[in-house]
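Peer 1: Model the structure of this input:
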Amino acid sequence: MKAALSARTLAGVAAFFFTSVSLRAQTADELIKKGDFHYDRLEAKKALQCYLPAEKLNPDNVSLLVRIAREYRHLMSDASQKDDKLKLGRTAVDYSKRAVALAPDDPESQLALAISYGKILPFVGNKEKMEMSRLVKAAAEKVTKLDPKNDLGWHVLGRWHLVLAEISGVKRALAQVVYGKMPDASNEEAVRYFEKAIALNPNRLMHYIELGRTYAQMDRKEEARRLITKGLGMRETEKDDPETKEKGREILEKLR
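Peer 2: Model (predicted):
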(Lines give C-alpha, C1' and ligand atoms only; values in the text may rest on other atoms or scores of the structure.)
Protein backbone atom coordinates (compact mmCIF):
# COMPACT_ATOMS: atom_id res chain seq x y z
CA MET A 1 0.00 0.00 0.00
CA LYS A 2 2.82 2.39 0.96
CA ALA A 3 4.74 1.48 -2.19
CA ALA A 4 1.68 2.15 -4.34
CA LEU A 5 1.04 5.44 -2.57
CA SER A 6 4.67 6.42 -2.99
CA ALA A 7 4.54 5.61 -6.67
CA ARG A 8 1.42 7.72 -7.14
CA THR A 9 2.99 10.58 -5.20
CA LEU A 10 6.16 10.45 -7.27
CA ALA A 11 4.10 10.33 -10.45
CA GLY A 12 2.17 13.40 -9.32
CA VAL A 13 5.34 15.29 -8.47
CA ALA A 14 6.88 14.34 -11.81
CA ALA A 15 3.77 15.45 -13.68
CA PHE A 16 3.77 18.79 -11.85
CA PHE A 17 7.50 19.24 -12.52
CA PHE A 18 7.25 18.54 -16.22
CA THR A 19 4.13 20.72 -16.53
CA SER A 20 5.92 23.59 -14.81
CA VAL A 21 8.98 23.16 -17.02
CA SER A 22 6.74 23.01 -20.09
CA LEU A 23 4.96 26.24 -19.12
CA ARG A 24 8.25 28.02 -18.47
CA ALA A 25 9.58 26.89 -21.83
CA GLN A 26 6.73 28.63 -23.63
CA THR A 27 6.67 32.30 -24.53
CA ALA A 28 4.22 34.70 -22.95
CA ASP A 29 2.33 34.99 -26.23
CA GLU A 30 1.99 31.21 -26.48
CA LEU A 31 0.69 30.99 -22.93
CA ILE A 32 -1.77 33.81 -23.53
CA LYS A 33 -3.05 32.06 -26.65
CA LYS A 34 -3.63 28.88 -24.64
CA GLY A 35 -5.32 30.90 -21.92
CA ASP A 36 -7.63 32.46 -24.49
CA PHE A 37 -8.54 28.97 -25.69
CA HIS A 38 -9.75 28.09 -22.19
CA TYR A 39 -11.44 31.47 -21.75
CA ASP A 40 -13.52 30.82 -24.86
CA ARG A 41 -14.70 27.64 -23.15
CA LEU A 42 -15.44 29.46 -19.87
CA GLU A 43 -12.70 27.48 -18.09
CA ALA A 44 -11.47 30.13 -15.69
CA LYS A 45 -9.07 27.98 -13.65
CA LYS A 46 -7.39 26.54 -16.74
CA ALA A 47 -7.16 29.99 -18.29
CA LEU A 48 -5.39 31.32 -15.20
CA GLN A 49 -2.99 28.37 -15.25
CA CYS A 50 -1.76 29.83 -18.54
CA TYR A 51 -2.17 33.55 -17.87
CA LEU A 52 -0.34 33.62 -14.52
CA PRO A 53 2.89 32.05 -15.85
CA ALA A 54 2.66 34.47 -18.78
CA GLU A 55 2.44 37.34 -16.30
CA LYS A 56 5.74 36.29 -14.75
CA LEU A 57 7.33 36.51 -18.19
CA ASN A 58 5.65 39.78 -19.10
CA PRO A 59 4.37 41.55 -15.94
CA ASP A 60 3.62 44.85 -17.70
CA ASN A 61 1.38 43.40 -20.40
CA VAL A 62 -1.78 45.47 -19.93
CA SER A 63 -4.11 43.25 -21.93
CA LEU A 64 -2.85 40.24 -19.98
CA LEU A 65 -3.55 41.95 -16.65
CA VAL A 66 -7.06 42.70 -17.87
CA ARG A 67 -7.51 39.04 -18.83
CA ILE A 68 -6.33 37.88 -15.39
CA ALA A 69 -8.72 40.26 -13.64
CA ARG A 70 -11.55 38.90 -15.79
CA GLU A 71 -10.80 35.28 -14.88
CA TYR A 72 -10.68 36.04 -11.15
CA ARG A 73 -14.11 37.64 -11.54
CA HIS A 74 -15.27 34.50 -13.34
CA LEU A 75 -14.04 32.38 -10.44
CA MET A 76 -16.35 34.41 -8.20
CA SER A 77 -19.28 32.79 -9.99
CA ASP A 78 -17.94 29.35 -9.09
CA ALA A 79 -17.20 30.19 -5.43
CA SER A 80 -19.92 29.36 -2.90
CA GLN A 81 -18.68 31.27 0.15
CA LYS A 82 -18.95 35.05 0.55
CA ASP A 83 -15.38 35.35 1.86
CA ASP A 84 -14.03 33.45 -1.13
CA LYS A 85 -15.99 35.63 -3.55
CA LEU A 86 -14.70 38.78 -1.87
CA LYS A 87 -11.09 37.58 -1.92
CA LEU A 88 -11.30 36.71 -5.60
CA GLY A 89 -12.98 40.02 -6.35
CA ARG A 90 -10.31 42.02 -4.55
CA THR A 91 -7.65 40.15 -6.52
CA ALA A 92 -9.46 41.16 -9.71
CA VAL A 93 -9.46 44.78 -8.51
CA ASP A 94 -5.71 44.62 -7.82
CA TYR A 95 -4.94 43.37 -11.32
CA SER A 96 -7.27 45.99 -12.81
CA LYS A 97 -5.52 48.74 -10.86
CA ARG A 98 -2.17 47.58 -12.22
CA ALA A 99 -3.54 47.73 -15.75
CA VAL A 100 -4.95 51.23 -15.21
CA ALA A 101 -1.67 52.43 -13.67
CA LEU A 102 0.20 51.25 -16.77
CA ALA A 103 -2.39 52.47 -19.29
CA PRO A 104 -4.86 54.98 -17.80
CA ASP A 105 -6.25 55.81 -21.25
CA ASP A 106 -6.94 52.22 -22.19
CA PRO A 107 -10.74 51.68 -22.12
CA GLU A 108 -10.42 47.95 -21.43
CA SER A 109 -8.33 48.63 -18.31
CA GLN A 110 -10.89 51.13 -17.04
CA LEU A 111 -13.67 48.68 -17.85
CA ALA A 112 -11.92 45.93 -15.91
CA LEU A 113 -11.67 48.25 -12.91
CA ALA A 114 -15.32 49.30 -13.10
CA ILE A 115 -16.59 45.72 -13.40
CA SER A 116 -14.25 44.38 -10.70
CA TYR A 117 -15.35 47.00 -8.19
CA GLY A 118 -18.97 46.35 -9.13
CA LYS A 119 -18.58 42.62 -8.55
CA ILE A 120 -17.52 43.05 -4.92
CA LEU A 121 -20.08 45.71 -4.00
CA PRO A 122 -22.60 43.16 -2.64
CA PHE A 123 -19.98 41.74 -0.25
CA VAL A 124 -18.66 44.87 1.49
CA GLY A 125 -20.01 47.15 4.20
CA ASN A 126 -22.12 50.21 3.49
CA LYS A 127 -19.34 52.75 3.84
CA GLU A 128 -17.02 50.89 1.47
CA LYS A 129 -19.98 50.26 -0.82
CA MET A 130 -20.63 53.98 -1.15
CA GLU A 131 -16.99 54.75 -1.96
CA MET A 132 -16.71 51.89 -4.45
CA SER A 133 -19.91 52.92 -6.20
CA ARG A 134 -18.29 56.27 -6.96
CA LEU A 135 -15.22 54.50 -8.33
CA VAL A 136 -17.40 52.26 -10.51
CA LYS A 137 -19.13 55.27 -12.04
CA ALA A 138 -15.88 57.19 -12.58
CA ALA A 139 -14.21 54.26 -14.35
CA ALA A 140 -17.28 53.49 -16.48
CA GLU A 141 -17.56 57.11 -17.56
CA LYS A 142 -13.91 56.99 -18.65
CA VAL A 143 -14.67 53.88 -20.70
CA THR A 144 -17.53 55.53 -22.59
CA LYS A 145 -15.45 58.66 -23.15
CA LEU A 146 -12.44 56.72 -24.45
CA ASP A 147 -14.51 54.24 -26.45
CA PRO A 148 -18.12 55.37 -27.04
CA LYS A 149 -18.85 52.10 -28.87
CA ASN A 150 -18.03 49.92 -25.86
CA ASP A 151 -21.41 48.42 -24.96
CA LEU A 152 -20.18 47.09 -21.63
CA GLY A 153 -19.18 50.56 -20.50
CA TRP A 154 -22.74 51.78 -21.08
CA HIS A 155 -24.09 48.65 -19.40
CA VAL A 156 -22.06 49.33 -16.25
CA LEU A 157 -23.40 52.89 -16.15
CA GLY A 158 -26.91 51.52 -16.52
CA ARG A 159 -26.34 49.10 -13.66
CA TRP A 160 -24.94 51.90 -11.53
CA HIS A 161 -28.09 53.99 -11.99
CA LEU A 162 -30.37 50.98 -11.52
CA VAL A 163 -28.78 49.93 -8.22
CA LEU A 164 -28.58 53.44 -6.78
CA ALA A 165 -32.12 54.29 -7.87
CA GLU A 166 -33.60 51.30 -6.02
CA ILE A 167 -32.30 52.48 -2.64
CA SER A 168 -35.32 53.42 -0.55
CA GLY A 169 -35.90 56.96 0.68
CA VAL A 170 -35.22 56.00 4.28
CA LYS A 171 -31.91 54.29 3.48
CA ARG A 172 -30.96 57.17 1.19
CA ALA A 173 -31.58 59.73 3.93
CA LEU A 174 -29.64 57.65 6.46
CA ALA A 175 -26.72 57.23 4.06
CA GLN A 176 -26.59 60.99 3.48
CA VAL A 177 -26.39 61.63 7.22
CA VAL A 178 -23.67 59.04 7.77
CA TYR A 179 -21.64 59.18 4.54
CA GLY A 180 -22.48 62.48 2.91
CA LYS A 181 -24.53 63.36 -0.16
CA MET A 182 -25.81 60.43 -2.17
CA PRO A 183 -24.95 60.60 -5.87
CA ASP A 184 -27.82 61.34 -8.23
CA ALA A 185 -29.23 58.28 -9.97
CA SER A 186 -32.45 57.43 -11.78
CA ASN A 187 -34.22 54.57 -13.49
CA GLU A 188 -34.70 56.80 -16.53
CA GLU A 189 -30.94 57.14 -16.92
CA ALA A 190 -30.55 53.39 -16.45
CA VAL A 191 -33.02 52.81 -19.30
CA ARG A 192 -31.11 55.19 -21.55
CA TYR A 193 -27.79 53.49 -20.92
CA PHE A 194 -29.12 49.95 -21.31
CA GLU A 195 -30.81 50.92 -24.57
CA LYS A 196 -27.49 52.36 -25.75
CA ALA A 197 -25.76 49.09 -24.85
CA ILE A 198 -28.36 47.08 -26.79
CA ALA A 199 -27.99 49.31 -29.83
CA LEU A 200 -24.23 48.75 -29.80
CA ASN A 201 -24.38 45.02 -29.12
CA PRO A 202 -27.79 43.31 -29.40
CA ASN A 203 -26.26 39.89 -28.74
CA ARG A 204 -25.66 40.18 -24.99
CA LEU A 205 -28.56 38.78 -23.00
CA MET A 206 -27.53 40.75 -19.90
CA HIS A 207 -28.51 44.03 -21.58
CA TYR A 208 -32.11 42.88 -22.07
CA ILE A 209 -32.55 41.34 -18.64
CA GLU A 210 -31.12 44.36 -16.82
CA LEU A 211 -33.28 46.71 -18.87
CA GLY A 212 -36.26 44.52 -18.02
CA ARG A 213 -35.29 44.67 -14.37
CA THR A 214 -35.24 48.46 -14.61
CA TYR A 215 -38.72 48.54 -16.11
CA ALA A 216 -39.93 46.22 -13.34
CA GLN A 217 -38.57 48.68 -10.81
CA MET A 218 -40.51 51.43 -12.61
CA ASP A 219 -43.66 49.25 -12.46
CA ARG A 220 -43.77 49.02 -16.25
CA LYS A 221 -44.58 45.34 -16.11
CA GLU A 222 -45.36 44.55 -19.74
CA GLU A 223 -42.08 46.00 -20.98
CA ALA A 224 -40.25 44.23 -18.16
CA ARG A 225 -41.76 40.85 -19.09
CA ARG A 226 -41.02 41.32 -22.79
CA LEU A 227 -37.36 42.21 -22.31
CA ILE A 228 -36.61 39.63 -19.64
CA THR A 229 -38.30 36.92 -21.69
CA LYS A 230 -36.20 37.91 -24.70
CA GLY A 231 -33.02 37.72 -22.61
CA LEU A 232 -33.97 34.33 -21.20
CA GLY A 233 -34.46 32.98 -24.69
CA MET A 234 -30.97 33.96 -25.83
CA ARG A 235 -28.00 31.61 -25.96
CA GLU A 236 -25.58 31.72 -23.03
CA THR A 237 -22.15 32.89 -24.16
CA GLU A 238 -20.61 34.45 -21.06
CA LYS A 239 -19.65 33.16 -17.63
CA ASP A 240 -22.26 35.24 -15.79
CA ASP A 241 -25.13 34.42 -18.13
CA PRO A 242 -26.63 31.57 -16.04
CA GLU A 243 -26.66 33.80 -12.95
CA THR A 244 -28.15 36.68 -14.93
CA LYS A 245 -30.89 34.42 -16.26
CA GLU A 246 -31.69 33.17 -12.76
CA LYS A 247 -32.20 36.76 -11.61
CA GLY A 248 -34.41 37.34 -14.62
CA ARG A 249 -36.57 34.33 -13.74
CA GLU A 250 -36.94 35.60 -10.17
CA ILE A 251 -38.16 38.95 -11.43
CA LEU A 252 -40.63 37.33 -13.83
CA GLU A 253 -42.02 35.27 -10.97
CA LYS A 254 -42.62 38.42 -8.94
CA LEU A 255 -44.35 40.09 -11.88
CA ARG A 256 -47.01 37.37 -12.13
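Peer 1: Just give the number of residues close to the nearest residue to Cys50 once chain neighbours are set aside.
Peer 2: Sequence neighbours aside, Gly35 is the residue nearest to Cys50 in space, at 3.5 Å (criterion: C-beta to C-beta, 6 or more residues apart in numbering). For the C-beta atoms, the positions are set from N, CA and C on the backbone; glycine is no exception. Neighbours of Gly35 under the rule other C-beta atoms under 10 Å: 24.
Peer 1: now what about the strand or helix carrying Gly35, what contacts it?
Peer 2: Assigned by DSSP states H and E, Gly35 falls within helix 28-40. By C-beta atoms under 8 Å, 6 or more residues apart in numbering, the list of residues contacting helix 28-40 from outside reads 23, 26, 44, 46-51, 53-54, 57-58, 61, 64, 67, 70-71.
Peer 1: Can you turn the buried subset of those residues into a selection I can paste into PyMOL?
Peer 2: Those of these that count as buried under 16 or more other C-beta atoms under 10 Å are selected in PyMOL with:
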select buried, resi 23+26+44+46+47+48+49+50+51+53+54+57+61+64+67+70+71
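Peer 1: other SSEs contacting the next helix-or-strand element following the helix holding Gly35?
Peer 2: Remark: after helix 28-40, the chain's next helix or strand is helix 44-57, criterion DSSP H and E. Where contact means 3 or more C-beta pairs under 8 Å, 6 or more residues apart in numbering; DSSP states H and E, helix 44-57 is packed against helix 2-25, helix 28-40, helix 62-78.
Peer 1: re the thing from before, tell me the mean pLDDT for the helix holding Gly35?
Peer 2: Averaged across helix 28-40, pLDDT comes to 96.
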